[in-house]
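Chemist: Everything below, folded, please.
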Amino acid sequence: MAEWIQGTVSDNIHWTENLYSLKIDAEVDNFTAGQFTSLALDIDGERIARPYSFLSAPAQRPLEFFFYTATGGVLSNAMLGLKPGDHIWLKKKANGFFTLAEVPDSRDLWLFGTGTGIAPFFSILKTEEPWRRFEKVILVHGVRTAADLRYHELIGEIQQCRGDKFQFKAFVTREDVPGTYHGRIPAAIADGNL
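Modeler: Numbers count the residues shown, from 1 in each chain. Okay, here's the model as predicted:
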């Protein structure tokens, strides 16, 4: 069984009423971009844990996680109240195969994510591997509302650094937003718009 270690919250960014980024200082084992770990809090005498993908690159500190508070989600709702200096449990060892090692070589790399599921892609895009292996990287992000589109600054930095090698395509389902596609990703694939 993986070892729990205690981390310290360095920041808790409240993007919207239900959308957050948690930054944590902790000495976890080395991990591969795209992997996840478990975060936990002791609530009413019980350790409540859930898996969360790293948004941060493997060498980046503090560690960063992007999450949505689930209706009735005991852990996610408790995490939204964390403040700098508060403690949280993390598994020392990361898990998962959602990494570029599992992706066959090709000309282009398409990354499709919805909501906070985009986090592991940011971890991957912060490394050199996708830029060495693929001619072009296309990140497609689907959300419900414009307020759910986050990390504009990071996307801008990647675009500036990688130029024509990087494309970002945002889809918003519940409202028309200039500069984005309206609708769902699968429909855009089916009708040839993506």
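
Chemist: Contacts only, for the residue positioned nearest the centre of the chain.
Modeler: Most central residue of the chain, judged by C-alpha distance to the mean C-alpha position with C-alpha atoms, centre = their mean, is Ala119 at 1.0 Å. Residues in contact with Ala119, defined by C-beta atoms under 8 Å, 6 or more residues apart in numbering, are Tyr52, Ser53, Phe54, Leu55, Phe65, Phe66, Gly113. In this view, the C-beta of every residue, glycine as well, is placed from N, C-alpha and C.

Chemist: And Leu154, by the same measure?
Modeler: Phe122.

Chemist: Distance of it relative to Asn12?
Modeler: For Leu154, the distance to Asn12 under the criterion C-beta to C-beta, to the nearest Å works out to 18 Å.

Chemist: Give me the buried positions along the longest helix anywhere in the chain.
Modeler: With DSSP state H applied, the helix covering the greatest number of residues in the chain is identified as helix 152-162. Judged by neighbour count (16 or more other C-beta atoms under 10 Å), helix 152-162 contains these buried residues: Ile155, Ile158.

Chemist: Please look at Ala70 and Ser76 and confirm they touch.
Modeler: Yes. When contacts are counted by C-beta atoms under 8 Å, Ala70 is listed as touching Ser76 (5.2 Å).

Chemist: pretty sure the residue nearest to the centre of the chain is in a helix, no?
Modeler: Yes. With the criterion set as DSSP: H, G, I helix; E, B strand; the rest coil, the secondary structure at Ala119 is a helix.
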